[in-house]
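S.K.: need a structure here:
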Amino acid sequence: MSGNPKTTVIGFDARARIAAGAEKLARAVATTHGPLGGTALIDRFSGLLATKDGLTVAREIFLSDPVENLGARILLDACVKVNDEAGDGTTAAAVLAAALVRDGLRRVAGGTPASVVARQMDDEVAAAAAFVRGLAVPVSGRSGIERVALVAGNGDEEIARLMADACMAVGKDGTVAVEDSKGVDSVLELKEGFALDRGGLDFVEEGTERTIEGALVAVALRPLSSVDDVRDLLETASQWPQNELVLFAPSVVGDAARAVKLNDAKKVVRCAVVQTGGHRAQETLEDVAALAGATPADEAAGRNLRAWDAEWFGAFRKVLVRRRSCLLEAYADKASFAAARVASLKAELTTAASDFDADRLRERIAKLTGGFAVLKVGGVTEAAMKERRARVEDVLGAVRAALRGGVVPGGGVAAFLAARASGREDGPFGAPLRSLAARAGMPWPAVAPRPGAGAWKGWDFAIGRFRDLSDDPLVADAALAVEAGIVAAGSVARTIVMSDAAIVPAWPARPVGRPGRR
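M.R.: So this is what the prediction gives:
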């Protein structure tokens with residue numbers, strides 16, 4: 001046999017050490033929990049980082065015991081999944097997972113077979129997730145978005161205001177991107193029109209731009225290389241001498257490029273070329289055609305480039321062509337074409353094969369609806385900027401989740417009410433509330449919601465008293481984040497409870513969040 005030497009740990013010892021690793025990660029993450037949570041200082045090769053972001057803390061944890069490290073990795077994977085699905089709630093998910101593991105192992109130690117305990121936990125998790133889903137109320141309007149952002153951003157009013165501005169500007173289907181700012185201040189930039197990250201053919205000089213009003217638009221789905229590929233197109237376009245032609249294609253090279261340049265230089269047919277390139281060129285070209293009301297030349301569909309039909313032309317009100325980018329502004333009377341394309345993409349979104357495909361479809365929908373914003377995050381130091389950007393990304397995830405699935409009472413109340421509904425107030429689903437109480441230095445019964453007081457009557461840890469959490473300032477969590485956290489925590493607990501062997505390298509494990517480091 002060949003391979004690296006490994007150590008095998010069997011039975012109770014394996015399960016206990018795996019659970020201990022998950023517990024250590026959860027305890028470290030829990031220190032950042034809620035408005036009274038602390039800051040974790042992380043020593044990175046790139047410099048010191050101070051953060052209140054639970055997922056950032058979890059990614060940095062590396063346990064020297066390789067069996068314990070397995071437990072930490074299992075919990076980290078769950079936190080990442082919650083973040084991917086809902087963009088927030090990773091700290092509460094880690095705390096809840098550790099509590100479910102403890103509860104499950106206690107039952108196993110009491111003599112219940114691990115497989116039976118796993119099935120019981122599956123039922124309990126499903127019931128808790130359904131209970132939380134039933135508590136959700138929708139979020140709408142600028143004030144609602146700003147209130148959710150304020151909670152997710154630990155009371156940062158500037159972040160909340162900018163996030164609300166961005167979401168209102170781009171609409172429900174719009175895209176908000178987060179980038180580093182070059183200055184100290186955080187700023188919001190709104191992008192109008194359909195932006196392409198590809199620019200014009202090489203006769204648009206670096207640092208210059210070409211603005212074309214009332215552009216005639218032609219779209220070809222295959223690369224163009226010969227004079228015959230563009231001859232009929234240019235001859236047909238010459239019937240509209242007052243309109244400059246903008247040709248979109250994967251690439252225009254060789255004799256085709258020379259013919260276009262010559263016609264443009266001699267002003268026979270003024271023409272700009274935008275090459276989309278890339279492995280998703282056809283998607284981009286089809287979206288551009290829809291926006292312009294054009295019909296793409298596609299030989300597979302019987303539309304031959306060498307017999308160009310004037311009916312295939314579309315139009316843009318304005319096209320701004322730069323060397324490496326392009327901005328397109330559509331006519332209002334072409335909106336029906338873009339709307340049909342958006343409807344088609346939304347249908348594809350419901351059957352997307354992966355998160356990557358879904359994100360790509362959302363980006364295309366956002367571009368076609370004209371909604372795109374960039375929130376540039378600033379800071380006095382690089383470490384401060386990174387910490388704030390992590391918080392902004394959490395806020396963005398929370399707002400997106402809230403807009404999709406509504407909000408539930410925050411402060412650990414939603415999960416605690418699920419615990420109460422199951423008949424076990426002191427059970428594992430009350431762990432997020434107990435964690436917040438520990439941060440506040442209070443016994444958890446003192447902050448538990450009063451029976452019969454209503455779902456939104458709970459303890460506000462920021463001000464230290466009971467109140468209606470739906471009043472301003474709102475104390476709420478995205479329902480999708482709480483539900484995803486419950487499901488992910490249940491998956492962690494099931495995996496650890498069912499573990500009866502651990503097979504690990506004979507030397508210390510690699511870091512959980514940064515493979516290969518140190």
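S.K.: for residue 328, phi and psi?
M.R.: Main-chain torsions, residue 328, degrees, to the nearest 10: phi -120, psi 130.
S.K.: what does residue 51 give?
M.R.: The phi and psi values for residue 51, taken as degrees, to the nearest 10, are phi -140, psi 150.
S.K.: Is it bridged to anything, and to what?
M.R.: Residue 51 has these beta-bridge partners by DSSP bridges: residue 40.
S.K.: quick one: contacts for it?
M.R.: 32, 39-40, 42, 57, 387, 390 (CB atoms under 8 Å, 6 or more residues apart in numbering). From N, CA and C alone the C-beta is placed, and that goes for glycine too.
S.K.: Now tell me which of those residues the prediction trusts least.
M.R.: Taking the contacts of residue 51 together, the minimum pLDDT is found at residue 387 (75).
S.K.: so where does that one fall, helix or strand?
M.R.: helix 382-405 (DSSP states H and E).
S.K.: elements contacting the helix or strand that that helix is followed by?
M.R.: Next helix or strand after helix 382-405 toward the C-terminus (DSSP H and E): strand 407-409. Packing partners of strand 407-409 (3 or more CB pairs under 8 Å, 6 or more residues apart in numbering; DSSP states H and E): helix 114-135, strand 476-478, helix 479-497.
S.K.: ok now strand 407-409, how far from the chain's centre?
M.R.: Remark: strand 407-409 is offset 20 Å from the chain centroid, using CA atoms, centre = their mean, to the nearest Å.
S.K.: average pLDDT across it?
M.R.: Mean predicted confidence for strand 407-409 is 93.
S.K.: Also stretch 214-223?
M.R.: On average, stretch 214-223 scores 92.
S.K.: And for stretch 152-159?
M.R.: According to the model, stretch 152-159 has a mean pLDDT of 78.
S.K.: Contacts for that stretch, please.
M.R.: 35, 52, 88, 149-150, 160, 163, 186, 388, 391-392, 394-395, 397-399, 462, 478.
S.K.: circling back to that earlier point, please identify which of the helices and strands packed on strand 407-409 is closest to residue 430.
M.R.: Of all the helices and strands packed on strand 407-409, it is helix 114-135 that lies closest to residue 430, at 10.7 Å by CB to CB.
S.K.: could you give the angle of the helix or strand following that closest one to helix 479-497?
M.R.: The helix or strand immediately downstream of helix 114-135 is helix 141-152, counting by DSSP H and E. Orientation of helix 141-152 against helix 479-497 (axes from the mean of the first three to the mean of the last three CA atoms, to 10 degrees) gives an angle of 30 degrees.
S.K.: Which strand or helix spans residue 418?
M.R.: Here residue 418 is assigned to helix 413-421, by DSSP H and E.
S.K.: in that helix, what counts as buried?
M.R.: 413-420 (16 or more other CB atoms under 10 Å).
S.K.: Let me have these in CSV, adding pLDDT as columns.
M.R.: Putting the buried residues of helix 413-421 into CSV (pLDDT from 0 to 100) gives the following:
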residue, pLDDT
413, 95
414, 95
415, 95
416, 96
417, 96
418, 95
419, 95
420, 95
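S.K.: quick check, nearest of those to residue 264?
M.R.: residue 414 (62.3 Å).
S.K.: Do I have it right that that closest one meets residue 482?
M.R.: Yes: taking CB atoms under 8 Å as the definition, residue 414 is a contact partner of residue 482 at 5.2 Å.
S.K.: what do these two both touch?
M.R.: Residues touching both residue 414 and residue 482 (CB under 8 Å, 6+ apart) are 132, 408.
S.K.: Check the offset of stretch 34-53 from the chain's centre.
M.R.: Its chain's C-alpha centre and that of stretch 34-53 lie 22 Å apart, by CA atoms, centre = their mean.
S.K.: nope, stretch 268-282 is what I meant
M.R.: Taking CA atoms, centre = their mean, one finds the center of stretch 268-282 at 30 Å from the center of the full chain.
S.K.: Show residues contacting it.
M.R.: The contact list for stretch 268-282 (CB under 8 Å, 6+ apart) reads 196, 198-201, 204, 210, 212, 221, 234, 237-238, 241, 244-252, 257, 260, 262-264, 284-285, 288, 319, 321, 326, 360.
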